[in-house]
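Colleague: after the sequence you'll find the predicted model.
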Amino acid sequence: MPKRTHTRRPRSEQGFTLVELMIVVVIVGMLAALVTPTVSRTIKENSTRGLNRQIVQAFQEARAYAMGRGEVVFVAVERGGGDSGSVQFFRSENRSLTCAEGVVTAPGPGEALIEIDMNATGLEHAILGADPAAEGTLARPLCISPAGRVLDRDGRTLSSDGACPGYNFRFWMANPEQALGAGVSDCPSIGAGEDEIFELSVERQLSSFYMIHIPFNGQARVIQ
């Protein structure tokens, strides 16, 4: 009777054992648990930056509209009370050529030229404050003149309540559930060194804090 011969296949040709597969699954799960929060945070940060760019772009479009049509455009920055707030750009009711003569009427649904509703963004940010605090509301909206200047409701140059020389109006946003450190919304002190500016920038990043600056010339920009 002929002998049976057993040929042992090389390890490279054998399949994985159940134990090996389970080890791989566990490792992949651990890596996913470590990476997911970082990816989620990065996505939110990019979305927030995109929102800020959208707001700046809206100011630019409203300014171009006012200059192109030769009429004022009002801007109301509604801060988050029970909600996250909004930014509305709308025409004066009487299509005025000057800020002081413009009739302010709150736009109804779909009547604003541009409206950015913070509640609809899906982000955790809300508009928490503004400087000067009494300006930019629906009662006293900002006014973009046909010359492209950003003025107060009466057509006068805005004056900051805080220590931000050179800027007319600013408002800031952050996660309302995250406590902001003292001075986070302040501008760097005059003559501040690189260390102070760097520390303020780091603190704002940790707080996911953003500020929109709107100077007299209407060239809005984002500062963190």
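Modeller: Yep, it's here.
Colleague: where in the protein is pLDDT low?
Modeller: Low-confidence segments of the chain, defined by pLDDT under 70: 1-16, 29, 31-44, 46, 82, 163.
Colleague: what do you get if the cut-off is 80, keeping everything else the same?
Modeller: 1-48, 80-82, 161-167, 178, 188-192, 224 (pLDDT under 80).
Colleague: center of it - which residue?
Modeller: residue 52 (3.4 Å; C-alpha atoms, centre = their mean).
Colleague: tell me the secondary structure for that one?
Modeller: helix (DSSP: H, G, I helix; E, B strand; the rest coil).
Colleague: and for residue 204?
Modeller: Strictly by three-state DSSP, residue 204 counts as helix.
Colleague: count of neighbours near it?
Modeller: A count of nearby residues for residue 204, using other C-beta atoms under 10 Å, gives 20. C-beta: built from backbone N, CA, C; applies to glycine.
Colleague: got a list of what it touches?
Modeller: Residues in contact with residue 204 (C-beta atoms under 8 Å, 6 or more residues apart in numbering) are 184, 210, 224.
Colleague: do the same with residue 103
Modeller: Residue 103 makes contact with 92-94, 96 under the criterion C-beta under 8 Å, 6+ apart.
Colleague: now with 10 Å, please.
Modeller: Shown in contact with residue 103 (C-beta atoms under 10 Å, 6 or more residues apart in numbering): 74, 91-96.
Colleague: now flag whichever of these is closest to residue 148.
Modeller: Distances from residue 148 to the contacts of residue 103, taken as C-beta to C-beta, are shortest for residue 74 (14.5 Å).
Colleague: my read is that that closest one contacts residue 113, right?
Modeller: Yes. Counting by C-beta atoms under 10 Å, residue 74 touches residue 113, with 9.5 Å between them.
Colleague: which residues are common contacts for the two?
Modeller: By C-beta under 10 Å, 6+ apart, residue 74 and residue 113 have these common neighbours: 62, 66, 88-91, 107.
Colleague: ok, what's across the strand from the nearest residue to residue 138 once chain neighbours are set aside?
Modeller: Leaving aside its chain neighbours, residue 138 sits nearest to residue 76 (4.3 Å; criterion: C-beta to C-beta, 6 or more residues apart in numbering). For residue 76, the beta-bridge partners under DSSP bridges are residue 88.
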